[in-house]
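Q: here's my sequence, what's the structure:
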Amino acid sequence: MVVGSHGFSQTQTVLGRIGQLEVRLARNSSEIAAAQEVRFRVFYDELGAKRQFVHELESRDSDRFDAVCDHLLVVDTAIGGPDRQQIVGTYRLLRQEQAMAAGGFYSDEEFELEALMARHPHRRFLELGRSCVLPEYRSKRTVELLWQGIWAYCRRHAIDVMTGCASFPGVTPAAHAEALSFLAQNCRAEADWDVRAVASRYNDMDLVPAEAVDTRAALAAMPPLIKGYLRLGAKVGDGCVVDRDFRTTDIFIVLPVEHIADRYINYYGADAQRFAA
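A: Below you'll find the predicted structure:
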């Protein structure tokens, strides 16, 4: 048995499949490096993240959390060459026990996640982050495959709550006033699940009076990832945070597994069940 990411055998790392696309966990340091290169292409080359922390010769997006995370990969098996060249998308998965070993979650820098966990001491948390897909693969099918993989992963690890930051492009919340206001007015987490942005970085999301918000326009202005979270049943925290390094405006997503809409449990569950064992 060849052991890969966090003790899984290579045969266990596959979490879903649609046509030529496969979703699985990274199996070794070479595949993690390839995922970091995909992240670099999206976050730095395409979206303009700051480069002062990146070595000029590396062209990889990496930080201290990568070593303790599992790395979910979308792989196009039709691409020739080494496996690492088939990686076209990635998602970083940080389970609570790994986060505690690393001194906390990535989101702690922006949101008061620790307070949420203290209210739910018997729940198992999973942080989702660093989501990106190469432009030519940004389709509904790829998103569905990612969620098939995430759901199988959650089943495998008995995850109770998914959390993480999701981003609007740019560092000016007012540029997304209608969408942020819609989220603040209609999608806030109830008190028991609410998470507030850290005080020093807090920006109000409720920028437009409710009567002036056009629901259709607000939804159309949201990044697909955020709309995908909402469809699953996710809620958002209190306040947004400007990340000047990645040039994004971040909101906090919280999704207890029991809040996932039944139709999605049924939709993803049939395929995910055989990959979850």
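
Q: number of nearby residues for R60?
A: Residues near R60, counting by other C-beta atoms under 10 Å, number 19. Placement of C-beta: from N, CA and C, glycine included.

Q: quick thing: my sequence starts at 17, can you match it?
A: Happy to do that; since the first residue is 17 now, the last one works out to R76.

Q: contact partners for it?
A: For R76, the contact set (C-beta atoms under 8 Å, 6 or more residues apart in numbering) comprises A49, Q52, E53, R55, F56, V70.

Q: which residue is the nearest non-sequential neighbour of it?
A: Sequence neighbours aside, Q52 is the residue nearest to R76 in space, at 3.9 Å (criterion: C-beta to C-beta, 6 or more residues apart in numbering).

Q: before we move on, back to that, of the contacts of R76, which pair is most distant in space?
A: Taking C-beta to C-beta as the measure, the contacts of R76 span a maximum distance of 13.7 Å, between A49 and V70.

Q: so how far is M238 from L150?
A: Counting by C-beta to C-beta, to the nearest Å, the separation of L150 from M238 is 21 Å.

Q: ok, now V84?
A: Using C-beta to C-beta, V84 is found at 30 Å from M238.

Q: just checking, A168 touches R33?
A: No. In this structure, A168 is not within contact of R33 by C-beta atoms under 8 Å, at 10.8 Å.

Q: neighbour-wise, which of the two wins?
A: Set A168 next to R33 and count neighbours by other C-beta under 10 Å: A168 wins out with 25 against 17.

Q: wasn't that one part of a helix?
A: Yes. Counting by DSSP: H, G, I helix; E, B strand; the rest coil, A168 is located in a helix.

Q: my guess is D266 contacts G255. True?
A: No. Contact criterion C-beta under 8 Å: D266 and G255 do not qualify, at 9.9 Å.

Q: could you look up the SS state of the residue lying farthest from the centre of the chain?
A: Distance from the centre of the chain peaks at E227, with 31.4 Å (C-alpha atoms, centre = their mean). Of the three states, E227 takes helix according to three-state DSSP.

Q: that one and S197: what is the separation?
A: For E227, the distance to S197 - C-beta to C-beta - is 11 Å.

Q: which stretches in the protein count as strands?
A: Under the criterion DSSP state E, the chain contains strands at 30-34, 37-41, 86-92, 103-111, 141-149, 177-185, 251-252, 257-259, 264-272.

Q: of all those, which lies closest to R217?
A: Each of those has some distance to R217 by C-beta to C-beta; the shortest is strand 257-259, at 4.6 Å.

Q: what comes into contact with that closest one?
A: Contacts of strand 257-259 (C-beta under 8 Å, 6+ apart): 126-127, 181, 183, 187, 189, 213-214, 217-219, 264-266.

Q: per-residue confidence averaged over that strand?
A: Averaged over strand 257-259, pLDDT sits at 97.

Q: all set now, cheers.
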